[in-house]
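got a predicted model here, sequence first, then my questions.
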Amino acid sequence: MPLVEPPLRSPYPTLDHVLRLARVYTNDAAQTLDGNLLALTQPYTLEYVNSAWHKLQDELAEAGAPRLEREVILPQVPIASALDPAVQVSVSYTGSNDGALLWPSPVLPQDLMEPMRLHERQAGMIGNFIPMKPAADGLPRVGQGQRLRWWDWKDDSLYFTGATQLNDLLLRYYAYLPDIPNDPKAQLGILRCQRAMGFYIAGEFAAARGSTAAADLMSKGDDAVQKMTIRIARVKQRLSRRRKPYGRVRGSASNY
């Protein structure tokens with residue numbers, strides 16, 4: 001098998017690349033690809049860029065793009081302040097609450113868009129993490145035990161029924177990528193996103209000027225994102241999945 005040549009540069013598109021496409025889509029590249037109304041020196045251009053960047057990430061998150069998924073361990077969720085079904089423990093972007101007092105840690109990741117799955121284990125132990133259940137209709141009002149068991153996402157915070165011991169959480173979540181800085185060489189950390197970004201930036205620019213082309217440009221951006229999500233779906237379809245059989249399997253003493 002031949003050796004793979006080391007890459008000469010990163011495969012991610014740059015800010016300069018997507019802005020040049022946006023200028024072409026808005027006819028702002030007639031004199032130069034550096035543009036005029038959409039030049040990076042204009043005070044509003046970077047605002048259009050990051051607005052488009054946020055929209056792209058929202059669309060990809062809706063499609064379950066693994067590029068936006070991350071994991072982190074939240075250590076030592078505070079013990080519930082009282083053994084009372086009315087007490088709830090929470091973790092937010094700024095700290096934690098045991099139902100009575102605020103604690104400086106743990107805190108949610110600052111790039112967290114939305115939690116996906118949570119697992120727990122006793123703090124300080126090296127055992128396996130146990131899956132937790134999302135509370136679809138709010139947390140059950142039950143007494144606290146050793147495990148947190150359920151989680152709820154509301155008011156940009158994770159809420160739990162609380163536990164009688166410190167527990168660590170393994171949190172898998174959708175993450176926002178950092179905003180794009182004012183640097184033509186800045187890389188956008190999503191592969192092959194330049195067409196979608198170019199159309200979205202052009203659409204933001206056109207909408208601000210009341211152009212009738214804005215809706216069409218945004219629609220073309222959506223089409224470009226759809227092609228990206230088709231690739232994501234194809235990768236996921238390659239994963240092997242088998243349905244769990246119903247009832248007792250012949251020759252087995254258990255269904256599990």
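Right, received. Where do you want to start? Quick caveat: nothing in here was measured; it's all calculated off a predicted structure.

for this protein, which helix is longest?
helix 214-237 (DSSP state H).

residues making contact with it?
Here helix 214-237 makes contact (Cβ atoms under 8 Å, 6 or more residues apart in numbering) with 25-26, 52, 55-56, 59-60, 63-66, 192-193, 195-200, 202-203, 206-207. No exception for glycine: its C-beta is placed from N, CA and C like everyone else's.

ok, of those residues, which come out buried?
25-26, 52, 55-56, 59-60, 65, 193, 195-200, 202-203, 206 (16 or more other Cβ atoms under 10 Å).

give me the below-cutoff pLDDT ranges for the chain.
Scanning the chain for pLDDT under 70 picks out the ranges 1-9, 233-256.

pick out the residue nearest the middle of it.
Y174 (2.3 Å; Cα atoms, centre = their mean).

quickly list what that residue is bridged to.
Counting by DSSP bridges, Y174 is bridged to E69, E114.

these two touch, right, it and L68?
Yes: using Cβ atoms under 8 Å, Y174 is in contact with L68, at 5.1 Å.

which neighbours do those two share?
With contacts taken as Cβ under 8 Å, 6+ apart, the residues that reach both Y174 and L68 are 61, 113.

who are the contact partners of I190?
12, 56-57, 60, 67, 177.

what's around the residue nearest to L83 when sequence neighbours are not counted, how many residues?
Distances taken as Cβ to Cβ, 6 or more residues apart in numbering put Q144 closest to L83, at 5.5 Å, once the chain neighbours are dropped. A count of neighbours around Q144, defined by other Cβ atoms under 10 Å, yields 24.

same question, P75
P75 has 13 nearby residues by other Cβ under 10 Å.

is it correct that it falls within a strand?
Yes: counting by DSSP: H, G, I helix; E, B strand; the rest coil, P75 falls inside a strand.

how near is it to L169?
Distance, P75 to L169, by Cβ to Cβ, to the nearest Å: 8 Å.

got any residues that touch both of the two?
P106.

so S211 is in which element?
Assigned by DSSP states H and E, S211 belongs to no helix or strand.

and it, how far is that from L118?
Note on S211: its distance to L118, by Cβ to Cβ, is 45 Å.

so which of the two has more stuff around it?
Ranked by neighbour count (other Cβ under 10 Å), S211 and L118 place L118 first, with 23 against 15.
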